[in-house]
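A.B. asks: Return a 3D structure for these sequence lines:
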Amino acid sequence: MRRNMAAGSPGRWEGDRLLRRSDWRFLLPSPTPAKSVCFARGFLAAAVASVSGGVVDSERAASAGCDLAVAVNPDARTLHAAWSALRAGGACYTEWASPSSRGPSRVRKRLETAGFTDVQCYRPWPWPSRAPARFWLPLDARGAGRYWFVPRPTPTGKMRRLRYVLRRLAWHLTLMAAPVLPLCAIARKPAAGLAFMADPHDEDRESSSALMDTIVAEWKNWDLGPLPDRLSWLLLTSGPRSINKVVGLLFAGQEDEPRLVVKMPRVPQASRTLRREAANLRAMHAACADGVAGMPRVLFCKEHDGLTMLGQTALKGTLIVNMLRPENYRDLASAVTRWLVDFAGQAQPSPPASWWHRLVEPVLADVSQFMGSVVDPAMLGETEEVLATLGPLPLVREHRDFGPYNVLIDGLERIAVLDWENAELQGLPALDLIYFLAYFALFLDGAQHPPRVRESFRATLNPGTLTGSVQRECLDYYMSRMRLDPSSLRPLRLFTWLVHCRWLCRHLAEDGSGTPDADTLRRSTPVLLWGEELRMQRSSRH
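C.D. replies: So this is what the prediction gives:
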């Protein structure tokens, strides 16, 4: 039996590509099979080896007791060999790109004829052998397709409406072309008892997954209503690096809104961020007993085959950037500002001695370590001088990644927020709002490259512009409601960008990238905005 590749043996980018090529494993009962057999060659075979404890030679795999069998365009003989190689309850992953497969009904019939059960067909996009797939759409759950392709409410703005129309067209074309487009299928070799999908209400069934066991057993305790006849995964796998998480949206029956979300790490070292997010959310809910809405509720956080799985309630709404246009920019920013005031809570000011060593010193130390040789040393020195002017501040609930890409809004302007792994239960005020308003303007202006980023940010510092006037209104409202000394805004603005410079460096380090090259850091948005903030503050003093 061939052993799997040693962790870290391929180069970082090669390792990322291998893991991305095997993202379908999160649709299996176990994402880390102990023993596999692969009836394919090339990169797919290498990807299977990278996530398996060991790989059996396909020529001598009969009765090998494998947990996983993998094949591409298998004929009846190959399917029989895969079935024979699997242990009872083992999983089979197949890719069907041949026109002769003739769609999900034909694929399902072939697998069932070979003796497999629990057949579930998926359409990944793009096709995984050509590029890393961004999502895996279940073909038996029309509601999941409607959710992904036809977002609600209808986006505003010409370009967003055009993308919306194109996505609707893609969904209809997908339905029409279902019999001929390539697909992937997950199936299982049956064991004693009934398969999970056959009858989820049968307590004597054999569950196809320990993770699904948890979901089925606790469903009613989570106030999700009656257990549905079918549960289907829509798998989101767009993160390009191994440290990025895979997100599974679980749909009940043909519903077009997910009931819950499960976050799964590609590599064990990414599990700690999920455990941190679970701890942060539980602490936030305990602290927000006064009823601040918009945070997911943790349903479970447990180990499954060496990986931490984090289950949360699904939040409703659409990404706020999908609704953004100049006419509603002010209203949307105001709604977010009001939510942040409610979320922050009210606390009496605390002297810097009670929080400086915990909240400020570590950030300064890390930024100095990672960026001391990248940015102008005067930037660090000047920033430290400004931060030293901070006086007493209330310690507030802080999200710390409050970008528009993590903010949802519904038709009633109710806010919901994703991704809580960096949250601080007792953080500093205004940082979330400063960060949000800067990035909200970048999205409005379509600013992605350094010259446009600087131009957009400068406009937010000018009260005569739309983004500048909205920023001033929102910050004035927040500072007034939080009873903050106006002199604290200048250092808090600078500290916002230090926090996100530090996050960028730590994220790259956790990803195995080490210290990034100087040019990458200089061109990163947090560093650009840090420099622009300093320049603005210098000019305002002269």
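A.B. asks: Identify the residue nearest Arg134 in space, chain neighbours excluded?
C.D. replies: Among residues not flanking Arg134 along the chain, Ser238 sits closest, at 4.3 Å (CB to CB, 6 or more residues apart in numbering). Quick note: C-beta positions are derived from backbone N, CA and C, even for glycine.
A.B. asks: element containing the one you found?
C.D. replies: If you go by DSSP states H and E, Ser238 is not part of any helix or strand.
A.B. asks: Return the distance of it relative to Ser540.
C.D. replies: 41 Å (CB to CB, to the nearest Å).
A.B. asks: Neighbour count for the two, which is higher?
C.D. replies: Just comparing Ser238 and Ser540: by other CB atoms under 10 Å the higher neighbour count belongs to Ser238, 13 against 9.
A.B. asks: How about the contacts made by Arg17?
C.D. replies: Phe43, Pro132 (CB atoms under 8 Å, 6 or more residues apart in numbering).
A.B. asks: Now do it, the pLDDT please.
C.D. replies: As predicted, Arg17 sits at a pLDDT of 85.
A.B. asks: Then Thr156?
C.D. replies: Here, the pLDDT recorded for Thr156 equals 54.
A.B. asks: Next: Trp503.
C.D. replies: Note for Trp503: predicted pLDDT of 87.
A.B. asks: in terms of contact, does Leu486 touch Ser480 like I think?
C.D. replies: Careful, residue 486 is Pro; it's not Leu. No - the criterion here is CB atoms under 8 Å, and Pro486 misses it with Ser480 at 9.5 Å.
A.B. asks: okay, now the domains of the protein?
C.D. replies: Annotated domains of the chain cover 1-139+178-197, 217-314, 318-541 [automatic domain parsing].
A.B. asks: Tabulate those (CSV), appending distance to Ala210.
C.D. replies: Formatted as CSV, these follow (distance: least, CB to CB, whole Å):
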stretch, distance to Ala210
domain 1-139+178-197, 7
domain 217-314, 6
domain 318-541, 24
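A.B. asks: Out of these, flag the one nearest Leu211.
C.D. replies: domain 217-314 (5.2 Å; CB to CB).
A.B. asks: Quote the end-to-end distance of the closest one.
C.D. replies: 18 Å (CA to CA, to the nearest Å).
A.B. asks: Pull the distance from that domain to the chain's centre.
C.D. replies: 11 Å (CA atoms, centre = their mean, to the nearest Å).
A.B. asks: Tell me where the model's unsure across this structure.
C.D. replies: Low-confidence segments of the chain (pLDDT under 70): 1-14, 150-180, 192-209, 240, 290-291, 508-516, 542.
A.B. asks: what helices or strands is the longest helix along it leaning on?
C.D. replies: For the chain, the helix with the greatest residue count under DSSP state H is helix 489-510. Using 3 or more CB pairs under 8 Å, 6 or more residues apart in numbering; DSSP states H and E, the elements in contact with helix 489-510 are helix 361-371, helix 377-387, helix 431-445, helix 525-541.
A.B. asks: between the second one and helix 525-541, how big is the angle?
C.D. replies: Relative orientation of helix 377-387 and helix 525-541, computed by axes from the mean of the first three to the mean of the last three CA atoms, to 10 degrees: 70 degrees.
A.B. asks: got the angle between helix 377-387 and helix 361-371?
C.D. replies: 170 degrees.
A.B. asks: could you pull out the helices for the stretch 201-350 of the chain?
C.D. replies: Secondary structure of the stretch 201-350 of the chain (DSSP state H, counting those that start in this stretch): helices at 210-218, 271-287, 329-344.
A.B. asks: of all those, which lies closest to Arg102?
C.D. replies: helix 210-218 (29.5 Å).
A.B. asks: tell me which residues of that closest one are tucked away?
C.D. replies: Leu211, Met212, Thr214, Ile215, Val216 (16 or more other CB atoms under 10 Å).
A.B. asks: same check, this time on stretch 461-471
C.D. replies: So stretch 461-471, judged by 16+ other CB under 10 Å, has buried residues Leu461, Leu466, Thr467, Gly468, Val470, Gln471.
A.B. asks: Contacts for that stretch next, please.
C.D. replies: 326, 329-330, 333-334, 437, 440-441, 444-445, 456, 459-460, 472, 532, 536.
A.B. asks: Report the two of these separated the most.
C.D. replies: Ser334 and Glu532 (24.3 Å).
A.B. asks: which strand in the protein runs the most residues?
C.D. replies: The residue-count maximum for a strand in the chain (DSSP state E) belongs to strand 86-96.
A.B. asks: Tell me the strands beside it, with direction?
C.D. replies: strand 66-72 (parallel), strand 183-188 (antiparallel) (DSSP bridges).
A.B. asks: contact partners of it?
C.D. replies: With CB under 8 Å, 6+ apart, strand 86-96 has contacts from 24-25, 27-30, 33, 44, 65-74, 79, 82-83, 107, 111, 116, 128-129, 182-192, 206, 208.
A.B. asks: What is the next helix or strand after that strand packed up against?
C.D. replies: Once the chain leaves strand 86-96, the next helix or strand it forms, by DSSP H and E, is helix 103-113. If contacts are counted by 3+ CB pairs under 8 Å, 6+ apart, helix 103-113 sits against helix 76-85, strand 86-96, strand 117-125, strand 183-188.
A.B. asks: Surely Glu255 touches Gly143?
C.D. replies: Yes - because the distance of 4.8 Å satisfies CB under 8 Å, Glu255 is recorded as touching Gly143.
A.B. asks: quick revisit: tell me which of Ser334 and Glu532 has more neighbours.
C.D. replies: Glu532 (20 against 15).
A.B. asks: Next one: that one relative to Pro352, how far apart?
C.D. replies: The value you get for Glu532 to Pro352, if CB to CB is used, is 26 Å.
A.B. asks: now Glu218
C.D. replies: 44 Å.
A.B. asks: Also Val216?
C.D. replies: 51 Å.
A.B. asks: just Arg188 next, same as before
C.D. replies: 59 Å.
A.B. asks: Can you check which of the strands paired with strand 86-96 gets nearest to Met264?
C.D. replies: With CB to CB as the yardstick, what comes closest out of the strands paired with strand 86-96 is strand 183-188 (15.4 Å).
A.B. asks: In contact with Leu28: list those residues for me.
C.D. replies: Leu68, Ala91, Tyr93, Ile186, Ser209.
A.B. asks: Those residues: which two are farthest apart?
C.D. replies: Using CB to CB, the contacts of Leu28 span at most 14.0 Å, a distance reached by Tyr93 and Ser209.
A.B. asks: one step back: let's have the strands paired with strand 86-96 in CSV, adding mean neighbour count and distance to Asp410.
C.D. replies: Converted to CSV, those look like this (neighbours: other CB atoms under 10 Å; distance: least, CB to CB, whole Å):
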stretch, mean neighbour count, distance to Asp410
strand 66-72, 25, 41
strand 183-188, 24, 33
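A.B. asks: Adding distance to Gln120, write these out as a markdown table.
C.D. replies: Formatted as a markdown table, these follow (distance: least, CB to CB, whole Å):
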| stretch | distance to Gln120 |
| --- | --- |
| strand 66-72 | 15 |
| strand 183-188 | 5 |
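A.B. asks: so how far is Arg358 from Trp497?
C.D. replies: In terms of CB to CB, Trp497 sits 19 Å off from Arg358.
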